[in-house]
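1. Take this sequence and fold it.
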Amino acid sequence: MEQRAEGSAIVWLGEPASAVSSLVGPKTAHLGALSAKRPVPPGFCVTAEAYRAARRAGGLTEELAGAIRDAYSRFTGRRAEDAYVAVRSSAIDEDGAATSFAGLHDTVLNVRGADAVLAAIERTWESLHSDSARAYRSQRGITAPDLGLAVLVQRMVWADSAGVAFSVDPVTGRSDRLVVSASWGLGESVVAGTVNADTWTLDKDGLGVVEERVGDKERMTIPGEEGTSEVNVPRFLRSRPALTREELASVARMTLELEREQGWPVDVEFAWQGGRLALLQCRPVTAAGEPGREP
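-> Down below sits the predicted model:
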């Protein structure tokens, strides 16, 4: 049994198994299914089976650690910048249609080196049983005796700007509206709500902008020597929109296409680096507003 679990330890994005939610979690499965035709940063997943095997063994085994080291070494051999990775949680009950766990399981950014990757994976595993994650499950009546937390290790995107997009209005639930929020630097400040980001509301019929609010964007999250840090935004950028009209249109089109392809309203995380768009997450909208066109 242990051997079977260890044998299923590593799955690469784009492989058929990377779209199997029970093995890699919905977050990775969504990206795995999209990676062939969408700008998903490359990476590999340490599966939920590997997590369960480590729990049974009382910690990270030498065999599993070796498999992760080999995967990281293979990954970083492609390009020098791939040495920096993002280590993201992908729990089996995370990013579903009814539950998101947004921000409750740890993500560790700008990680470099096999030892640091192993430490980040263990930290992410531990967050599955944090007080906040337990409380979230309890509030929603979720009981899962065999919880599993897969971990997605992806190329780090050093974003010039980043944000989130919803294919419905997450507040009113209007299904004829698409909402995009963005700020400078990494998207964590937008997701966490620590920055007054720019927000655009678009009409899904033609993707015309019906409302634009440019935030003051005083702070931004950037990669640092160890992980990330929050710094002041240069004054000349604070009142400048974080997305050009062309970038906004690209994000909006991708979001609308993803909704059509997936068959459900989507919550998307994206980043722009050097003029290239990256898709970091695509999950069902779980906000309080019930999707539906206003009369």
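2. so Arg213 touches Ala182, yeah?
-> No. Taking C-beta atoms under 8 Å as the definition, Arg213 is not a contact partner of Ala182, at 11.4 Å. Backbone N, C-alpha and C define where each C-beta goes, glycine included.
3. neighbour count winner among those two?
-> Ala182 (28 against 11; other C-beta atoms under 10 Å).
4. Report the secondary structure state of that one.
-> In three-state terms, and counting by DSSP: H, G, I helix; E, B strand; the rest coil, Ala182 is strand.
5. May I ask which helix or strand of the chain has the lowest mean pLDDT?
-> helix 2-7 (a mean of 37; mean pLDDT, DSSP states H and E).
6. Please parse the chain into its domains.
-> 2-155, 161-284 (automatic domain parsing).
7. Enumerate every residue touching Ala54.
-> Applying C-beta atoms under 8 Å, 6 or more residues apart in numbering to Ala54 gives the contacts 60-61, 64, 125.
8. ok, 10 Å please
-> 5-6, 9, 46, 60-61, 64-65, 121-122, 125 (C-beta atoms under 10 Å, 6 or more residues apart in numbering).
9. got a pLDDT number for it?
-> Note for Ala54: predicted pLDDT of 93.
10. overlap in contacts of Arg213 and Ala182?
-> Common neighbours of Arg213 and Ala182, using C-beta under 10 Å, 6+ apart, are 197-200.
11. Tell me the one of these nearest Ala162?
-> Ranked by distance to Ala162 (C-beta to C-beta), those are led by Ala197 at 9.8 Å.
12. What are the phi and psi values at that closest one?
-> Main-chain dihedrals, Ala197, degrees, to the nearest 10: phi -80, psi 170.
13. Count the neighbours of it for me.
-> Ala197 has 26 neighbours, counted by other C-beta under 10 Å.
14. Please report the distance of it from Glu122.
-> Going from Ala197 to Glu122 by C-beta to C-beta, to the nearest Å gives 32 Å.
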